[in-house]
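Engineer: Here's my sequence, what's the structure:
(one chain, ligands or ions: 1)
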Amino acid sequence: MKVRDSGMPDEEMWSGFFDPDKVLAIFGLDCGIQDLVEFGCGYGTFTLAAAGIASGTVHALDIEPEMVDVVRQKCREADIVNVQAAVRDFVSEGTGLADNSMDAALLFNILHHEEPVALMKEAFRVLKSNGMLAVIHWNYDPTTPRGPAMEIRPRPEQCINWGREAGFRFNERNRYDLPPYHYGLLFRKPFT
Ligand SMILES: C[S@@+](CC[C@H](N)C(=O)[O-])C[C@H]1O[C@@H](n2cnc3c(N)ncnc32)[C@H](O)[C@@H]1O
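Structural biologist: This is a model prediction of the structure:
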């Protein structure tokens, strides 16, 4: 089931909202990451940047075959071989990844889902001990040029509560402003 209000504008507009390398570096995702999963890769805005960081595989999942084709094409053109882009509905099927197998998970612009805790629990399941869950979302501000309807747009505090409910640790130090229109939150799976 496609996450509500998760359609994309044209790519030129979308990519203008982000500096992907900078966002990943702010999260500390710029070194020491082997395998990573991205829930809803869209145009691959963050996928290709993540591929440059991960020493293992970036699992880029999207329900839309067109988005997966775009990501595969970009990887071919850039000679990137460590991205596994797959058409997958992670809401009804999960990620299909093994328990405790990923160093990092990205939930970017997707937590306005009806069941955010379920998504975060799936990220928790696949992450290794002390693995990182990075979340970004549109500021809770009706003047942003895009973003889900305000009635379903999560505030940072809601995401933090959902993350804790899913089992993650969150430290206030790991709350980030990602101008011009986003905030970021970094969660950790507790050591086991
Ligand atoms: C708003 S876009 C964000 C894309 C990317 N995370 C980014 O921030 O650039 C959300 C993406 O999630 C995908 N998506 C929505 N529901 C999904 C589902 N149930 N399973 C897999 N992908 C889904 C959409 O097709 C879309 O490409």
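Engineer: I'd assumed G42 was in contact with M67.
Structural biologist: Yes - counting by CB atoms under 8 Å, G42 is a contact partner of M67 at 5.6 Å. (Each C-beta comes from the backbone N, C-alpha and C, glycine too.)
Engineer: Just want to know which of these two has more residues nearby.
Structural biologist: G42 (24 against 21; other CB atoms under 10 Å).
Engineer: Around the residue nearest to D89 when sequence neighbours are not counted, how many other residues sit close by?
Structural biologist: What sits nearest to D89 in space, not counting adjacent residues and going by CB to CB, 6 or more residues apart in numbering, is I63, at 4.9 Å. Residues near I63, counting by other CB under 10 Å, number 18.
Engineer: can you check the one 10 residues further on too?
Structural biologist: Residues near Q73, counting by other CB under 10 Å, number 12.
Engineer: Checking my notes, it in a helix, right?
Structural biologist: Yes - residue state for Q73 (DSSP: H, G, I helix; E, B strand; the rest coil) corresponds to a helix.
Engineer: which ones are touching it?
Structural biologist: Not one residue lies near Q73 by CB atoms under 8 Å, 6 or more residues apart in numbering.
Engineer: ok so, going back, surely the residue nearest to D89 touches V87?
Structural biologist: Yes - taking contacts as CB under 8 Å, I63 lies within contact range of V87: 6.9 Å.
Engineer: Partner strands of the helix or strand encompassing A104, with direction?
Structural biologist: If you go by DSSP states H and E, A104 is part of strand 102-108. Partner strands and pairing direction for strand 102-108 (DSSP bridges) are strand 36-39 (parallel), strand 127-138 (parallel).
Engineer: That strand and the ligand in contact?
Structural biologist: Yes - between strand 102-108 and the ligand, judged by CB under 6 Å from any ligand atom, the touching residues are F108.
Engineer: Likewise for stretch 121-129?
Structural biologist: No - on the criterion CB under 6 Å from any ligand atom, stretch 121-129 is out of touch with the ligand, staying 10.7 Å away.
Engineer: Mind listing residues that contact that stretch?
Structural biologist: 37, 39, 90, 94-95, 97-105, 107, 133, 166-168, 189-192.
Engineer: list the contacts for the closest residue to L36 other than its chain neighbours?
Structural biologist: Of all residues not flanking L36 in the chain, A104 sits nearest, at 4.5 Å (CB to CB, 6+ apart). Residues counted as contacts of A104 (CB under 8 Å, 6+ apart) are 29, 33, 35-37, 127, 131-134.
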